[in-house]
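Engineer: what would the 3D arrangement of this be:
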Amino acid sequence: MDYSKLQNGSDIRGVALEGIEGQHINLTEQACRDIGRGFALWLMEKTGKKEGLRVAVGRDSRLSGENLCRFICDAMVQSGLEVTDFGMASTPAMFMATVTEGYRFDGTVMITASHLPFNRNGFKFFTCAGGLESKDIGSILTYAGSAAQTGLPAGRLLSGTFMDTYAGILVDKVRTATGESAPLKGFKIVVDAGNGAGGFYAEKVLQPLGADTDGSLYLDPDGSFPNHIPNPEDKTAMQSITGAVLANHADFGIIFDTDVDRAGAVLSDGSELNRNRIIAMLSAILLREHPGTTIVTDSITSTGLGKFITQKGGIHHRFKRGYKNVINESIRLNQQGQDSQLAIETSGHGALKENYFLDDGAYLVTKLLIELSRGKKEGYTLQSLIASLEEPAESVEFRMNILLEDFKPYGQQVIDELTAYAQTQPGWSLAPDNYEGVRVNLDKDHGDGWFLLRLSLHDPLLPLNIESNTLGGTRIIAGELSAFIRGYDKLAAEKLFQYL
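Structural biologist: So this is what the prediction gives:
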């Protein structure tokens, strides 16, 4: 097969199990073996080392994980690598295995498809420089589709563990920051792991720090995800952790996605801490620690968040969607001499300068737990940190399919023509410093908010986000925009029109 079809940005993803009509396995045994050989060849080229390369492999709870692990491990061993199978792991932990003393693997592989349905799976790759870029994945897949071999004798397969070490890093961070061995004693903190790989956090991080975790949900790995999708953006998942917080009178609730590179949280009053709210809270903490720093976010953050960051003395740099985009932009700013401590998407993908710019959900919530402990000592709550955040009255999103195989030129045409159209409309103004699609602000007489139309990174879609500071405002904005949208017959905008 054409392995390039398995590329999803900086990841590899495909169908690993039958079970959903119309979706047939393309992440086959042969594909996994070829990808393992391709990674070995790429790593040798990248490091300049022909022999002695050490690689570790981990996986989340997906049903296909064990088989995919066996296939790719065997292929890398046959290519001459020393491979250590870590078993169940989180994506951030697999990166940390490349930089942690006593491990320092040349490369690692995480078998995951994040929050996608049970039948999907895939691979993420790391070196000590971080996660691979899209061009690196392209090179691995090119090697996978070739007949190239390393020419080395077989290596060996070892078994190992790393999650205890990784959890210990988080525990030590909290103890160092607070100066206490059990700073969470007296706190009730519940975790919803959604049967993904995040169940370790309750037992191996929270409990050693003194927290009471009774009432936590779905900590045991189960790749059929019988309770809800492990995804902080999913409404059912958020209802689950919110219910657990309220039922157990908890001080804090934590929810992870399947592979723990994203997290959401719930405050003691049952209010959700995600999207703009979690960005605001982390910004407040980091701006106290690093006055004037730049917070890089994706393109759909609210106007209120930008105002909040500015009021706290920071700079809000609204960039593009895609976690690698915001991370790389933050790194670029730092390289140019502009301090940027946080790169974060509204999806919950967040990376801190102090933590290798690794998108790590467990690290983010650990940062919040330090603040929870500090607040108890100094007489403030987590809620108080974002009390001045102005939140929108309404927010909606429409995902409009482009009905063309070659969709990008058509999508860009729509955006370009909307940019010109916006400059002719009363009450509309183009947002300054916009890096993706077209973002337009509308005054109080025309919806009191903004919209952003952008082209999806990978799919034939034009996502449309609308936000208003006034109840009913999103419909006013949608109505003003619909006259323009109706002129494009290759754009499936039925849901937008139904909303009106």
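Engineer: counting neighbours, what do you get for the residue nearest to Phe256 when sequence neighbours are not counted?
Structural biologist: Computed as Cβ to Cβ, 6 or more residues apart in numbering, the closest residue to Phe256 that is not its neighbour in sequence is Gly198, at 3.4 Å. For the C-beta atoms, the positions are set from N, CA and C on the backbone; glycine is no exception. By the criterion of other Cβ atoms under 10 Å, Gly198 has 30 neighbours.
Engineer: Gly198 touches Val191, doesn't it?
Structural biologist: Yes - look at Gly198 against Val191 with Cβ atoms under 8 Å: they come within range, at 7.1 Å.
Engineer: which neighbours do the two share?
Structural biologist: Counting by Cβ atoms under 8 Å, 6 or more residues apart in numbering, the shared contacts of Gly198 and Val191 are Leu219, Phe256.
Engineer: for the strand or helix carrying Ile35, packing partners?
Structural biologist: Ile35 is located in helix 29-47, with elements delineated by DSSP states H and E. Judged by 3 or more Cβ pairs under 8 Å, 6 or more residues apart in numbering; DSSP states H and E, helix 29-47 is in contact with strand 54-59, helix 65-78, strand 107-111, strand 120-127, helix 134-144.
Engineer: which residues touch the third one?
Structural biologist: Same thing as strand 107-111. Contact with strand 107-111 is made by 39, 43, 53, 55-60, 62, 65, 68-69, 72, 89, 91, 94-95, 97-98, 121-127, 259, as judged by Cβ under 8 Å, 6+ apart.
Engineer: roughly how far does Pro432 sit from Val440?
Structural biologist: Between Pro432 and Val440 the computed distance is 11 Å (Cβ to Cβ, to the nearest Å).
Engineer: between those two, who's got more neighbours?
Structural biologist: The neighbour comparison of Pro432 against Val440 (other Cβ under 10 Å) goes to Val440, with 25 against 7.
Engineer: centroid residue for this structure?
Structural biologist: Compute the mean C-alpha point of the chain, and by Cα atoms, centre = their mean the closest residue is His349, 3.0 Å away.
Engineer: the residue lying closest to that one once chain neighbours are set aside - how many residues pack around it?
Structural biologist: Once flanking residues are discounted, His349 sits nearest to Tyr323: 3.7 Å by Cβ to Cβ, 6+ apart. By other Cβ under 10 Å, the residues close to Tyr323 number 22.
Engineer: so Tyr323 touches Gly348, yeah?
Structural biologist: No - with contact defined as Cβ under 8 Å, Tyr323 does not count as touching Gly348 (9.3 Å).
Engineer: where does the stretch 51-200 of the chain have low pLDDT?
Structural biologist: Residues of the stretch 51-200 of the chain meeting the criterion pLDDT under 70: none.
Engineer: what's near enough to touch the residue nearest to Phe256?
Structural biologist: Ser90, Val191, Leu219, Pro230, Phe256, Asp257, Thr258, Val260, Gly361, Ala362.
Engineer: switch those residues over to TSV; also include neighbour count, secondary structure and distance to Ala154.
Structural biologist: Formatted as TSV, the contacts of Gly198 follow (neighbours: other Cβ atoms under 10 Å; DSSP: H, G, I helix; E, B strand; the rest coil; distance: Cβ to Cβ, whole Å):
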residue	neighbour count	secondary structure	distance to Ala154
Ser90	30	coil	29
Val191	30	strand	41
Leu219	18	coil	38
Pro230	27	coil	36
Phe256	30	strand	37
Asp257	31	coil	36
Thr258	29	coil	32
Val260	29	coil	33
Gly361	27	helix	37
Ala362	25	helix	35
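Engineer: what is the nearest of those to Ile344?
Structural biologist: Ile344 has its nearest neighbour among the contacts of Gly198 in Gly361, at 11.1 Å by Cβ to Cβ.
Engineer: once you drop chain neighbours, what's closest to that closest one?
Structural biologist: Ala263 (3.2 Å).
Engineer: with Ser384 instead?
Structural biologist: Gly375 (7.7 Å).
Engineer: so the one you found versus Ser268, what's the distance?
Structural biologist: To Ser268, Gly375 is 11 Å away according to Cβ to Cβ.
Engineer: these two: which is more packed in?
Structural biologist: Ser268 (18 against 15).
Engineer: what's the more buried one in contact with, if anything?
Structural biologist: Per Cβ under 8 Å, 6+ apart, neighbours of Ser268: Val245, Ala250, Asp251, Phe252, Thr381, Gln383.
Engineer: can you rerun that using 10 Å?
Structural biologist: Residues near Ser268 by Cβ atoms under 10 Å, 6 or more residues apart in numbering: 187-188, 245-246, 249-253, 372, 381-383.
Engineer: how about Thr176?
Structural biologist: Contacts of Thr176 by Cβ under 10 Å, 6+ apart are Ile370.
Engineer: buried set for whatever helix or strand it lives in?
Structural biologist: According to DSSP H and E, Thr176 maps onto helix 163-178. By neighbour count on 16 or more other Cβ atoms under 10 Å, the buried set for helix 163-178 is Met163, Tyr166, Ala167, Ile169, Leu170, Val171, Lys173, Val174, Arg175, Ala177, Thr178.
Engineer: identify, from the residues you listed, the entry nearest to Gly48.
Structural biologist: Nearest to Gly48, judged by Cβ to Cβ, of the buried residues of helix 163-178 is Tyr166 at 28.4 Å.
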